[in-house]
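[1] Please find the sequence and the predicted model below.
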Amino acid sequence: MYDVIIIGAGVSGCAVARELARYKTRVLVLEKEEDVCCGTSKANSGIVHAGYDAKPGTLMAKLNVEGNAMIHKLCRELDFDFAPIGSLVVCLKEEDRPRLQELYDRGIKNGVPGLKIIERDRLLQLEPNIADNAVCALFAETAGVVCPFGLNIALAENAFTNGVEFEFNSEVRDIAFVDGKWQVTTDKEKYETKAVVNAAGVYADKFHNMVCDSIINITPRKGEYMLLDRTCGGYVRHTVFQLPDEMGKGVLVSPTAHGNLLVGPTAEDIEDKEGVNTTPFGLDKIASFSMKAVKNVPFRSVITSFAGLRAHEDGGEFIIGEAPGTDGFFDCAGIESPGLTSAPAIGRYLAEMIRDKYHFAVNQEFNGKRKGIIRPKNLSESELNMLLKDRPDYGEVICRCESITKGEIVDSIIRPLGAKSLDGVKRRTRAGMGRCQSGFCSPKTMEIISEMLGIPLSEVTKSGKGSKIIVGSNKDEI
Amino acid sequence: MDYDIVIIGGGPAGLAAAVSARKAGVEKILILERDNKLGGILNQCIHNGFGLHTFDEELTGPEYAQRFIDQVKELGIEYKLNTMVMEISKNKVVTALNRAHGLFSIKAGAVILAMGCRERSRGALNIPGYRPAGIFSAGTAQRLVNIEGYMPGKRVVILGSGDIGLIMARRMTLEGAKVLAVAELMPYSGGLKRNIVQCLDDFGIPLKLSHTVIDIEGKDRVTGVTIAEVDENRKPIPGTEEHFDCDTLLLSCGLIPENELSSSMGVELHKVTNGPVVNESLETNIPGVFACGNVLHVHDLVDFVSEEAAIAGKNAVRYLAGEGSCMGKDIKIATEGGVRYSVPTTINPGRMTNELTVRFRVGDVYKDKYLSVYFNNERISHKKKRIMTPGEMESVTLKRDELEKVNNLTGITIKIEEE
């Protein structure tokens, strides 16, 4: 019998898990994929929003501002990559100035610190590549960029080392409230728990509607992106937005936490909850829309494109709390932008709500600190050479584009909730994330995975399940 | 650690540069190689056809590499394997990392850049669709098959008709896979004619020119791709879509010289080749820093890489001896009428050897056209070429005495002419 079962090991689910680990609880996270951070959490802008977008008084506004402040501290506690670079919402027409002012006013009401409206001269100093017709901009100093995988993985690892259990490749099929407790049935097992947290991303409506009469409806809203080489990371220095419209915050141009340049997303409502394919239409749109705010984005240097799905609920607001008429089924649904920013605050908000219902006692042994993977790139020459005396693996570069060593890849596999696939290694270390897109390093990384996990090379996958990379040996079929 | 010449890369270019520099009399040479053996990409090129120009016989890639590795060893040239160069400073301090020495620095008298190239990835091509397992660059697939002995797929579509893709079409077929088609965006192949004949035609694999992949299906592993014909603007033509059930998509859509190290040390790059801009000595804008092989511009034949690298090696030795410090002036080579670039881009007759091979590529297929060389406005050579294609590197040879004969030479032009 668990105290809490969390459905979904995305950033919200893992944030709730880590916050629940502060109490004496038995918590299980069920994830249908082979790893954490495999859905909405892995394919988004990675922006830590300041908090001026959401309407004052909404949960979105409150949790965004709180989450932003938390990430500024959490990045040190949990050792993930976050760069507080600030953001700019650029106004391209004088007549739109009132809309920019409105954003500013909203930000003030939401309690966002460090907001100001800057005029064209100052804007040009900050961003020399801004569009010629840019009039003014809303500057938000607390905004930043985070590695979305880094945040999600750090929360999960820290939850795990504080006793939270994780089951992967476990898809929840049924949820029922029987004799005062919840029965959660996956494709493999049946579990019992006092409370359920529904953090199932684009599938959260499915689980909510299984147990609650007041139904919710989540539409996957596809966002396509292009990622440019690190040589272009300085093309803009802040996250550059255009004024938002009814479909969201529009196409942004931003450095990433690792110094690439990210351009996107589009916004298209689709039916397929797994529809993460990119489209010719989407990729064209990114190019044309981004150019409105930033001149001559160097698209020649695109290294990859991808698509993610926002979990858009019809109400356009986070749905967080006990579902009406249920006893212990807690939604964490409709977590679209600013969901990533809000995640730490969502975790705390929901965990405290659950604690209060079940009177969980404080876990004195909780340790909120986590050390990430050692990055030789970030060490001084003497520090690195000290490390190499005991750990020569950190002197063997496997991914040449991102200078990722064997030591980092081995660590990513053997650490708590370690990687099991090429994508798992990639999200933890960046091996394969560079300009050659794993062309050179994937065979070597596959060998390391095979060796560390004790599986044949032919069993190594890109991302679990049916994603084997090798289909047999030479001349098998002859 | 001090060396006269540090060579970045132990592939065919680096090896040939080292051998030639040693033979020209320089003692302290060091090759830094990131892989666990010398030979570079040749180690996975197990097909034959290498060495016809250099050794007058047909060798496999590893055999060709071995000829140079043997010489490197016989000549006692030092090399470090599994060593990644992290940075080169403008004053030629090379910082590298390996297991044995950690992070270490080497002061070089001259540096020869020979890092080779990488393949253009699916991401850089912006092919829409899902991102499942089963999408490989042709070179990655080649390594899996030829070095590891594993099949990356059974039913294969190949996008791009670069040489590695053509070679892999044959290899995958020989190893038991079914290669359904090779789609090429351009109206001509990017590879050598001989590879089209020997790797596609001989195996009945269709080459679909002016076609591209417009969708990739499969959420875990590739289950199919859709290709379509493209118009003259390379945009897919509606109604020409053709679907293939396959588990693999190989990409052979061009090679990009790997010049991140070069550009971060301040080496000027050429917009067309993505390789360093070099003079007749294959020297970059930084004196004493030379480039050769695929890091300079992508070659079709390794024989020409070896030839070019040997020249870079010799010139590095001349640089160390203080020869060739500037006399006379640099003359620019202009490329016109379908000639896309030239290597080198400038010539100083005062520094050049008696003969100099200028290599270049054309931007389209030219049949029965003339290739001309002008000194100032005077046409000094005019040769009819039966065919010139972007997939085959061309060259002209310039003679020093002819250059010196011209009064007040200010420019050299290479162009394609109708007549």
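    Looks like it arrived, so ask away.

[2] where does residue B:112 fall, helix, sheet strand or coil?
    Following DSSP: H, G, I helix; E, B strand; the rest coil, residue B:112 is assigned to strand.

[3] do the same with residue A:183
    Classified using three-state DSSP, residue A:183 is strand.

[4] Check what pLDDT the residue nearest to it when sequence neighbours are not counted gets.
    Leaving out its chain neighbours, the residue that sits closest to residue A:183 by C-beta to C-beta, 6 or more residues apart in numbering or on different chains is residue A:176, at 4.9 Å. Yep, even glycine has a C-beta here, placed from its N, CA and C like the rest. pLDDT for residue A:176: 97.

[5] Quick check: which element contains residue A:176?
    strand A:172-178 (DSSP states H and E).

[6] Tell me how many other residues surround the residue nearest to residue A:183.
    Neighbour count of residue A:176, defined by other C-beta atoms under 10 Å in any protein chain shown: 12.

[7] part of a helix, is residue B:68?
    Yes. Residue B:68: assigned to a helix according to three-state DSSP.

[8] tell me, how many neighbours does the residue lying closest to it once chain neighbours are set aside end up with?
    Excluding the flanking residues, the one nearest residue B:68 by C-beta to C-beta, 6+ apart is residue B:15, at 3.9 Å. Using other C-beta under 10 Å, residue B:15 is surrounded by 33 other residues.

[9] host element of residue B:15?
    Going by DSSP H and E, residue B:15 is in helix B:12-23.

[10] Residue B:317 now?
    Counting by DSSP H and E, residue B:317 is part of helix B:302-320.

[11] now residue A:13
    With DSSP H and E as the test, residue A:13 turns up in helix A:11-20.

[12] Can you list the neighbours in contact with the helix or strand that that helix is followed by?
    Counting by DSSP H and E, the next helix or strand C-terminal to helix A:11-20 is strand A:27-30. By C-beta atoms under 8 Å, 6 or more residues apart in numbering or on different chains, the surrounding residues in contact with strand A:27-30 are A:2-9, A:13-14, A:17, A:20-21, A:156, A:159, A:163-167, A:170, A:172, A:184, A:186, A:191, A:193.

[13] CA atoms only: put strand A:27-30 into PDB for me.
    In PDB, the C-alpha atoms belonging to strand A:27-30 read as follows (Å, rounded to 0.1, in the frame of the first residue of the first chain):
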ATOM      1  CA  VAL A  27       5.600   7.200  -3.000                       C
ATOM      2  CA  LEU A  28       5.600   5.500  -6.300                       C
ATOM      3  CA  VAL A  29       6.000   7.200  -9.700                       C
ATOM      4  CA  LEU A  30       4.600   5.200 -12.700                       C
END
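
[14] Quick check: what element follows that strand along the chain?
    Sequence order places strand A:47-48 as the next helix or strand after strand A:27-30, per DSSP H and E.

[15] Sheet-wise, list the partners of that next one with their directions.
    With DSSP bridges as the test, strand A:47-48 is paired with strand A:144-146 (antiparallel).

[16] List the contacts of the helix or strand following the partner strand.
    Per DSSP H and E, the first helix or strand lying C-terminal to strand A:144-146 is helix A:148-161. Contact with helix A:148-161 is made by A:9-11, A:14-15, A:17-18, A:20-21, A:27, A:29, A:36-37, A:41-42, A:44, A:46, A:71, A:74, A:78-82, A:166, A:257, A:340, A:343-344, A:347, A:367-370, A:372, A:415-417, A:427-428, as judged by C-beta under 8 Å, 6+ apart.

[17] Now do helix A:148-161, average pLDDT.
    On average, helix A:148-161 scores 98.

[18] Tell me the buried residues in the next helix or strand after it?
    Helices and strands here follow DSSP H and E; after helix A:148-161, the next one along the chain is strand A:165-167. In terms of neighbour count (16 or more other C-beta atoms under 10 Å in any protein chain shown), strand A:165-167 has its buried residues at A:166-167.

[19] Just checking: what are the partner strands of strand A:165-167?
    Its sheet considered, strand A:165-167 pairs with strand A:27-30 (parallel) by DSSP bridges.

[20] if we can go back for a sec, give me the helices and strands touching the strand holding residue A:176, please.
    Here strand A:172-178 touches strand A:181-186, helix A:204-211, going by 3 or more C-beta pairs under 8 Å, 6 or more residues apart in numbering or on different chains; DSSP states H and E.

[21] Check these for me and report the most buried one.
    Mean neighbour count (mean count of other C-beta atoms under 10 Å in any protein chain shown) peaks for helix A:204-211 among these, with a mean of 20.

[22] And the helix or strand just after that helix, what does it pack against?
    Downstream of helix A:204-211, the first helix or strand assigned by DSSP H and E is strand A:218-228. Judged by 3+ C-beta pairs under 8 Å, 6+ apart, strand A:218-228 is in contact with strand A:261-264, strand A:268-269, helix A:280-293, strand A:302-313.

[23] Can you convert the ones you listed into TSV and add a column each for distance to residue B:10, mean pLDDT and mean neighbour count?
    As requested, those are exported to TSV (distance: least, C-beta to C-beta, whole Å; pLDDT from 0 to 100; neighbours: other C-beta atoms under 10 Å in any protein chain shown):
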stretch	distance to residue B:10	mean pLDDT	mean neighbour count
strand A:261-264	33	98	26
strand A:268-269	49	96	14
helix A:280-293	39	93	18
strand A:302-313	26	97	23
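
[24] so which of these comes closest to residue B:143?
    Across the helices and strands packed on strand A:218-228, residue B:143 has its closest neighbour in strand A:302-313 (20.4 Å, C-beta to C-beta).

[25] How about that closest one and chain B, touching?
    Yes. Using C-beta under 8 Å from any C-beta of the partner chain, strand A:302-313 reaches chain B at A:302-306.

[26] next helix or strand past that strand?
    strand A:319-322.

[27] Next, the buried residues of that next one.
    For strand A:319-322, by 16+ other C-beta under 10 Å, it's A:319-320, A:322.

[28] Fine, thanks again, bye for now.
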